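Engineer: Predicted model and sequence follow; I will ask about them next.
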Amino acid sequence: MAAGEVGEAALGQLGRVEATRRLQEIGGIGRWSAEYVLLRGLGQLDVYPGDDVGARHRLRRFFGLGHDPSYEEIADLLRPWEPFAGMLYFHLLLDGLTERGDLPARGRA
């Protein structure tokens with residue numbers, strides 16, 4: 001963005017798949033980074049960064065799976081949350097931070 005190769009407004013006009021592809025054209029940006037930019041940077045709450053290893057572990061626990069789900073399995077599991085899968089990502093992230101003691105537990109100041 002700083003080099004002018006891609007702009008926030010232009011990315012916001014693209015669909016999720018196309019915006020992810022466009023970001024991945026930038027050297028060093030993979031699918032996880034592209035999806036994270038869309039979710040965190042552009043607020044596209046339909047995006048769940050499925051390549052995030054920690055997120056896969058958290059989904060395994062959340063759904064009671066015996067394995068970490070693949071990227072494709074994650075897409076299937078999250079269909080009921082469309083278009084807000086990113087909100088589940090944030091919820092599980094915050095839950096993990098609370099569990100680790102990095103955030104206070106609910107109800108405690």
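Structural biologist: Alright, I've got the coordinates.

Engineer: Would you mind checking the average pLDDT for the helix of greatest length in the chain?
Structural biologist: In the chain, taking DSSP state H as the definition, the longest helix is helix 85-100. The average pLDDT within helix 85-100 is 92.

Engineer: chain center to that helix, what's the gap?
Structural biologist: Distance of helix 85-100 from the chain centroid (C-alpha atoms, centre = their mean, to the nearest Å) equals 11 Å.

Engineer: and it, what other elements does it pack with?
Structural biologist: Where contact means 3 or more C-beta pairs under 8 Å, 6 or more residues apart in numbering; DSSP states H and E, helix 85-100 is packed against helix 53-63. Every residue, glycine included, has its C-beta placed from N, CA and C.

Engineer: ok, and what's touching the helix it packs on?
Structural biologist: With C-beta atoms under 8 Å, 6 or more residues apart in numbering as the test, helix 53-63 has contacts from 48-50, 65-69, 74, 77, 89, 92-93, 95-96.

Engineer: That one: how far from the chain's middle?
Structural biologist: 12 Å.
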